[in-house]
Each structure stands twice: as structure tokens, then as C-alpha cells.
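Chemist: Predicted structure and sequence below. I'll ask about it afterward.
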Amino acid sequence: PAPDPDGPQPRDLGLGVLSGNHEYCPGQFEINLAHSGALDAADRAFRFKAAVKDLARREGKLATFMAKPFNRHGASGFHVHVSFVDAAGENLGADESAEYGMSPLLRHALAGVLRHAPALTALTNPTINSYKRFGPDTLAPWLIDWGLDNRSAMVRVPPDRGAGTRIEVRLPDASANPYLVHAGVLAAMRLGIEDGLEPPAPLEGYGYNADRTAVLPMSLPAALDALDDDSALQALLGKDFVSSFSVLKRAEVARFEQWVTDWEFREYAYHI
């Protein structure tokens with residue numbers, strides 16, 4: 001169908017788009033949304049995804065937020081930037097006198113994300129396809145690490161300080177539900193703050209050497225196992241929710257495992 005110029009337009013949805021650019025792969029774009037409170041940011045991310053798909057459909061095309069829709073091209077992430085402010089809007093993560101310019105609050109929060117990363121992965125990378133994004137030389141994190149302005153780390157601390165002091169969690173992929181991503185990341189941060197956790201030394205250099213740190217779950221079943229085993233994160237997210245989420249996702253895995261894929265047919269049918 002022809003586009004309806006009088007229909008709802010993305011610019012009318014209050015998305016708060018800051019910038020956009022073409023990414024590395026054909027047809028792949030990065031869109032940056034303005035920061036705001038966690039719920040509002042999730043609302044806008046959800047509306048953005050719906051608007052993009054609707055706009056593409058009107059043009060007779062398909063827009064997808066699959067983590068990795070093509071074998072020979074890169075995957076798509078959903079990087080989340082988190083900062084803490086007080087009632088007056090002052091950044092609570094900034095501390096010029098502290099190492100790396102990061103306050104204890106921010107360090108504890110970062111350490112919480114690292115500690116609970118295996119369980120978080122089930123929420124931030126929620127599909128079977130998500131795990132095609134992980135691995136060396138993919139530009140996506142697959143190890144549990146952090147770094148100062150290091151874009152190969154799972155958690156990056158951008159160089160901005162003062163009001164711009166924040167954490168970038170690079171673990172989620174584009175298929176993730178923004179509400180669950182925000183809930184999971186904030187729950188992990190809260191646990192890190194409550195437990196007074198401290199992060200290890202930041203990663204230096206290329207962040208894909210598995211000899212230096214732990215590896216994230218590399219499949220959806222492994223991530224679900226980690227979530228089922230993380231009682232502290234479950235308590236904050238709600239055990240009923242985690243149980244329902246796990247049951248639904250394991251049913252998804254079971255359907256996939258029973259399905260004969262095109263790859264299997266091409267690999268075996270003519271040679272066996």
C-alpha cells in the first residue's frame with residue numbers, strides 16, 4: 001500500500017531522538033534517544049521500535065530488530081546508558097577525587113552488573129538468535145568485563161565526567177524488551193550497591209581474550225539456567241515473573257530444537 005502522508009508520523013510520538021547514523025552493515029542504522037527516567041526511556045524505546053516497523057511496512061519494506069538477521073553481516077545491539085541523580089538533578093556518579101572520577105555508588109552499581117551478568121543475559125539477550133551475536137571479532141561483548149571508554153568491553157564507562165558521568169551497558173541486543181532490560185540492569189545495580197561490591201581493574205586493550213575473564217552464557221538455555229540460579233536477582237524481579245519467563249523461553253527453545261532448519265538440510269541431505 002502507498003504511504004499515508006496524513007497518518008501518524010514518528011516525529012509526533014515524543015521519541016526524543018538525538019541523532020542517527022548508518023552503521024557498518026547494509027540497511028543497518030544506529031539511533032540514539034535522549035536520556036530520561038528509566039520508565040520514560042523504556043516507553044520511548046518501545047514506541048520507537050513500533051514506529052520504525054510501522055513506517056517500514058507503509059513503505060512496503062521490513063524493519064527488524066532481530067539480533068542477527070543475516071549470516072554474513074553484523075548484529076544489532078541495544079546499548080543502555082545509566083546515570084544516577086539526586087532530587088536536585090545532581091549526578092551522583094561523579095567524584096573528581098575518586099579513582100577514575102567514579103563515586104563509590106557508581107562503582108558498586110557497575111560491579112553489580114558484572115556480578116549478575118550471567119543471569120541478566122536471559123533478559124538482555126532473550127532469543128535463540130541473540131547468541132549468534134556473541135563471540136570474538138563481532139563488535140559485541142561476550143566476556144564479563146568493563147573498561148574506560150573501551151568499546152570492546154561489556155560495560156563501558158564513557159569519558160564524560162561531571163554531569164555526564166554514566167555507565168554504558170553494552171550487553172543487550174536489539175531484540176530485547178526495553179522494560180525488562182531496564183528492570184534487570186537496575187536490579188543488578190541495586191544489588192551491587194547494597195552489597196558494596198567493587199569492580200576489578202578495568203580492561204585494557206582488546207576485550208575479547210577469554211583467558212582474562214569469565215565468559216557470558218553462550219546460548220539461551222545457559223542464560224536461563226543462570227537466571228534460575230540467581231536468587232538475589234529473582235527476588236527483586238519477582239519469582240513469579242522469572243518462573244513464567246523461564247517457562248515461556250524454554251518452550252521456545254524446545255520448539256526450535258525440534259525444527260529441522262535449512263542449514264541442516266543443506267549440510268546433510270545430499271551427503272548422507
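Modeler: Received the coordinates, thanks.
Chemist: For E204, grab the count of nearby residues.
Modeler: By other Cβ atoms under 10 Å, 11 other residues sit near E204. In this view, the C-beta of every residue, glycine as well, is placed from N, C-alpha and C.
Chemist: nearest residue to it other than its sequence neighbours?
Modeler: Spatial nearest neighbour of E204, chain neighbours left out: G147 (7.2 Å); criterion: Cβ to Cβ, 6 or more residues apart in numbering.
Chemist: And for M154?
Modeler: With Cβ to Cβ, 6+ apart, the residue lying closest to M154 is P141, at 3.8 Å.
Chemist: phi, psi of the residue nearest to E204?
Modeler: Here is the backbone geometry of G147 (degrees, to the nearest 10): phi -160, psi 160.
Chemist: Okay, and the beta partners of it?
Modeler: Listed beta-bridge partners, G147: R156, L203 (assigned using DSSP bridges).
Chemist: What separation do you get for it and S219?
Modeler: 25 Å (Cβ to Cβ, to the nearest Å).
Chemist: same thing with K49?
Modeler: 25 Å.
Chemist: more crowded one of those two?
Modeler: K49 (18 against 15).
Chemist: That one - that's part of a helix, no?
Modeler: Yes: under DSSP: H, G, I helix; E, B strand; the rest coil, K49 falls within a helix.
Chemist: gap between it and F65?
Modeler: Between K49 and F65 the computed distance is 6 Å (Cβ to Cβ).
Chemist: Low-confidence ranges, this structure, go.
Modeler: For the chain, the stretches with pLDDT under 70 are 1-10, 207, 210.
Chemist: which residues of it fall in helices?
Modeler: Under the criterion DSSP state H, helices of the chain are mapped to 38-58, 104-115, 117-124, 178-194, 220-229, 231-237, 239-257, 262-268.
Chemist: May I have stretch 212-226 exported as PDB, CA atoms only?
Modeler: The C-alpha trace of stretch 212-226 is given here as PDB (Å, rounded to 0.1, in the frame of the first residue of the first chain):
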ATOM      1  CA  ARG A 212      41.400 -12.900  31.200                       C
ATOM      2  CA  THR A 213      37.800 -13.100  32.400                       C
ATOM      3  CA  ALA A 214      34.600 -15.100  32.600                       C
ATOM      4  CA  VAL A 215      32.600 -15.800  29.500                       C
ATOM      5  CA  LEU A 216      28.900 -14.900  29.300                       C
ATOM      6  CA  PRO A 217      26.300 -17.600  28.700                       C
ATOM      7  CA  MET A 218      26.600 -18.600  25.000                       C
ATOM      8  CA  SER A 219      23.100 -19.900  24.500                       C
ATOM      9  CA  LEU A 220      19.600 -19.100  25.700                       C
ATOM     10  CA  PRO A 221      19.300 -22.300  27.800                       C
ATOM     11  CA  ALA A 222      22.600 -21.500  29.600                       C
ATOM     12  CA  ALA A 223      21.300 -17.900  30.200                       C
ATOM     13  CA  LEU A 224      18.000 -19.200  31.600                       C
ATOM     14  CA  ASP A 225      19.900 -21.600  33.900                       C
ATOM     15  CA  ALA A 226      21.900 -18.600  35.200                       C
END
